[in-house]
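[1] Attaching a predicted model along with its sequence, questions to come.
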Amino acid sequence: MTKKLLAGAIALAGTALVLPACADPDIYGTFPVTVKGYSGSKTNSVAYTGQIARHVLHDSLKKLAGKGNGKPNPALKAEMMSYFAQKTPGRTIIAPTSKKKFVIKQTGVDQISKKKNLAGKTYKGNISGMPNNMTGPQLISFWIDKASSAKKGVDMANGYNYPQLISKFILGAVFYNQAVDNYLDEKMTAKKKPNNKPYKKGAYYTGKEHSWDEAFGYFGTPAHGLSLTPKQLYNIAKRKPGAEKYADKNGDGKIDLYKEYTFGPAYYAAGADKTGKTSYGKTITQAFLDGRKVIANADGKKLTKAQLAKLQGLAKTIETNWEKTIAEAVFKYAGSCYKDLAAIKSGNKKTLKKYIKHWGELKGFSLALQAGRKNLGEVGAKLNRLIGFGPVMPNQSQVNDIDSKGNYVKGSGSIDNYMGHMLKTQKLMIDAFGIKARMKDQTKGMDAMLKKLGSGSSAEND
């Protein structure tokens, strides 16, 4: 069809022509450069390498946190801090790494993006769920110090699994926080990072393009994630046998961490979605893709009020479903802790290590949930009271403070009461966030169980 005929057909139809934003409508991969006056060689405006580098720093830090030998280890602490707080060149990717046929393309952090750290992007607010009101970076640094001198990163006496605490908190304090409280919040307003200007001088992407891409990168799903099932996304993160076949989208025999791997937030969304009761991951990824198309179709022009409103609505969808994903994890690990405590009460001593791991995941995610854009208020206060500063141990002790020298101060606790707290935590996640997957659900007959445990006559008591 000639241009003249095409224009006539459009006029007759009374519609506006919207060009396709990318070659494959289901891949967050290629969108045209729309920056006016750009004369460089770039043809694709999508870029979120810095976010993927931070995912790799997180995975590597978690791995390092489990390498302690039970004695003070300054060298290990320094190495952990290099992955958390510094921008050291030449850092090796400690995790994830190749596993049999699952061959990972990159072996160094700098191959993805240079001069990145986690501390600079960590939630700077005070963490009320732990003693001394430490900021996010201070709390992680405190845990890094403790992990470096704990055997395999686990304090069996006080009940702290530092790899889990560090990891799960970072999933909220860095990735969730940066996405929903920065790139999808302030940067999606008219005045911040406008679409008719480059993100920074000389950039090949506009302010809105790059801000949206960076939020997408923090979610950590493969660029072709919409074509994969929750189980496939989950298996990629686990590097399961055969997962390389659907992870390797371009067929080069290697998994590119930048666009073919599943990282933390997307992994936990897939974990919930595997139940068949939710679709957090697909909803979030689709919203990201739809938003990017809105920006691309603006063709380097300032976004209209309608376009901004559309983006802000999609940002809300992403935030809501991401929040639910974290709440599902809190629910799951509260249920795991309840089951572990029941086993410990029956005399199963082998369950203690598992209980400490599950509690670290529970506590880390409960703090992550509070690191978003919204102040959870009473819900956050209840969550902190129910879970406490440490787990109730088999000897009925529980950490309730940290002294000025960084030592834990312990008081007494009741296993029965704490089991009740785990049930109330699950109920709180249902009531406050409307979660549906509800893995490890222990709430059936909850009021009767609470009465039996002597932990209060109602699920409302906390």
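    Great, that's in hand.
[2] So in the protein, where's the weakest helix or strand by average pLDDT?
    Lowest on mean pLDDT, DSSP states H and E among the helices and strands of the chain sits helix 3-13, with a mean of 37.
[3] Which stretches in the chain count as strands?
    Shown for the chain, the strands assigned by DSSP state E span residues 154-155, 160-161, 397-402, 408-412.
[4] what's the most buried one of the ones you listed?
    Mean neighbour count, computed with mean count of other CB atoms under 10 Å, is highest for strand 160-161 among those, reaching a mean of 26. Just so you know, the C-beta spots here come from the backbone N, C-alpha and C atoms, and that holds for glycine as well.
[5] what sits against residue 237?
    By CB atoms under 8 Å, 6 or more residues apart in numbering, residue 237 lies in contact with 261, 262, 263, 266, 267, 270.
[6] surely the third one meets residue 55?
    Yes. With contacts counted by CB atoms under 8 Å, residue 263 reaches residue 55, the gap being 4.1 Å.
[7] still on that earlier bit, just put the strands of the chain in JSON lines and tack on mean pLDDT and distance to residue 390.
    Listed next are those as JSON lines, based on pLDDT from 0 to 100; distance: least, CB to CB, whole Å:
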{"stretch": "strand 154-155", "mean pLDDT": "98", "distance to residue 390": "9"}
{"stretch": "strand 160-161", "mean pLDDT": "98", "distance to residue 390": "7"}
{"stretch": "strand 397-402", "mean pLDDT": "98", "distance to residue 390": "3"}
{"stretch": "strand 408-412", "mean pLDDT": "97", "distance to residue 390": "7"}
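[8] Going by length in residues, pull out the top helix of the chain.
    Taking DSSP state H as the criterion, the chain has its longest helix at helix 305-345.
[9] what packs against that one?
    Counting contacts by 3 or more CB pairs under 8 Å, 6 or more residues apart in numbering; DSSP states H and E, helix 305-345 packs against helix 207-219, helix 264-273, helix 280-297, helix 351-369, helix 415-433.
[10] As a markdown table, those helices with distance to residue 130, mean neighbour count and mean pLDDT would be great.
    Formatted as a markdown table, the helices and strands packed on helix 305-345 follow (distance: least, CB to CB, whole Å; neighbours: other CB atoms under 10 Å; pLDDT from 0 to 100):
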| stretch | distance to residue 130 | mean neighbour count | mean pLDDT |
| --- | --- | --- | --- |
| helix 207-219 | 23 | 26 | 98 |
| helix 264-273 | 21 | 26 | 98 |
| helix 280-297 | 27 | 22 | 98 |
| helix 351-369 | 7 | 24 | 98 |
| helix 415-433 | 17 | 22 | 97 |
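[11] Which among those helices is found nearest to residue 66?
    Among the helices and strands packed on helix 305-345, helix 351-369 comes nearest to residue 66, with 10.7 Å by CB to CB.
[12] now the angle from that closest one to helix 264-273?
    Counting by axes from the mean of the first three to the mean of the last three CA atoms, to 10 degrees, helix 351-369 lies at 110 degrees to helix 264-273.
[13] For helix 351-369, what is the distance to the chain centroid?
    Centre-to-centre, helix 351-369 and its host chain are 16 Å apart (CA atoms, centre = their mean, to the nearest Å).
[14] Can you work out which other helices and strands pack against it?
    For helix 351-369, the packing partners by 3+ CB pairs under 8 Å, 6+ apart come out as strand 154-155, strand 160-161, helix 162-170, helix 305-345, helix 378-387.
[15] In a markdown table, list those along with distance to residue 125.
    Output for the helices and strands packed on helix 351-369, formatted as a markdown table (distance: least, CB to CB, whole Å):
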| stretch | distance to residue 125 |
| --- | --- |
| strand 154-155 | 26 |
| strand 160-161 | 22 |
| helix 162-170 | 13 |
| helix 305-345 | 16 |
| helix 378-387 | 11 |
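[16] Tell me which of these sits nearest to residue 148.
    Nearest to residue 148 among these is helix 162-170 (8.7 Å), distances taken as CB to CB.
[17] So which residues make contact with that closest one?
    Helix 162-170 is contacted by residues 58, 61-63, 65-66, 118, 122, 136, 139-140, 143-144, 146-147, 150, 153-155, 264, 329, 357, 360-361, 363-365, 367-368, 371 when judged by CB under 8 Å, 6+ apart.
[18] hmm, 6 Å instead?
    58, 62, 65-66, 143, 146-147, 153, 357, 360-361, 364-365, 367-368 (CB atoms under 6 Å, 6 or more residues apart in numbering).
[19] Residue 391: which of these is nearest?
    Of all the contacts of helix 162-170, residue 391 sits closest to residue 360, with 8.7 Å by CB to CB.
[20] got the contact list for the closest one?
    So residue 360 contacts 161, 164, 165 (CB under 6 Å, 6+ apart).
[21] the helices in the stretch 1-150 of the chain, which residues?
    In the stretch 1-150 of the chain, the segments counted as helices under DSSP state H, counting those that start in this stretch are 3-13, 49-64, 74-84, 136-148.
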